[in-house]
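Enquirer: got a structure for you, letters missing:
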C-alpha cells in the first residue's frame, strides 16, 4: 500500500531527478560550448557530449515510462556509476563531484521506491 505522503515524496524525488536530467541532457543536445569545455578538462573526447546527451535522454524516457521504469532506474544507476568513475579518474572532490551521480541515482531509485509498492517489496527496509 502506498500512502499519500509516500506518493508525494516519491513524485517529488522523481521530479527533482527528472528536472536535473532534462537540463543536463538538454545542454548536451544543444551542444553548448560549456559542455565541450568541461569535457575537455575531464579528458572526454571532443564531440562526445551530444552522444552522452542522447543516451541520457533515452534512459530518462525509459525511467519515466511506467512499463519500463525499473529498467530505466537500473540504467540510471549504471550511467551514474560511470560518471562517478570519470570524476574519480579525473581526481575531482569526493562529495561534490564523484558522488554527485550516485546521489542522482538515489533520487531516481528513492522516487521509485516511495511511489511503487512492488519496488518496496523487492527492496524492503528492515529493522535489525
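Expert: Cool, got the structure. Please read these numbers as outputs of a predicted model, since none were measured by experiment.

Enquirer: only C-alpha atoms for contact and neighbour calcs from this point on.
Expert: Will do.

Enquirer: measure residue 109 to residue 90 for me?
Expert: 26 Å (Cα to Cα, to the nearest Å).

Enquirer: ignore the last one, residue 33
Expert: With distances defined as Cα to Cα, the gap from residue 33 to residue 90 amounts to 20 Å.

Enquirer: Residue 109 and residue 90: which is more packed in?
Expert: Remark: of residue 109 and residue 90, residue 109 carries more neighbours, 25 against 13, as counted by other Cα atoms under 10 Å.

Enquirer: Wait, the more buried one touches residue 75, no?
Expert: No. Residue 109 lies out of contact with residue 75 (Cα atoms under 8 Å); the separation is 10.9 Å.

Enquirer: Return the residues in contact with the closest residue to residue 116 other than its chain neighbours.
Expert: Counting by Cα to Cα, 6 or more residues apart in numbering, residue 2 is the residue found nearest to residue 116 once chain neighbours are left out, at 7.2 Å. With contact set as Cα atoms under 8 Å, 6 or more residues apart in numbering, residue 2 has these partners: 114-117.

Enquirer: Next, format the residues you listed as CSV and append distance to residue 54 and secondary structure.
Expert: Output for those, formatted as CSV (distance: Cα to Cα, whole Å; DSSP: H, G, I helix; E, B strand; the rest coil):
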residue, distance to residue 54, secondary structure
114, 28, helix
115, 27, helix
116, 27, coil
117, 31, helix
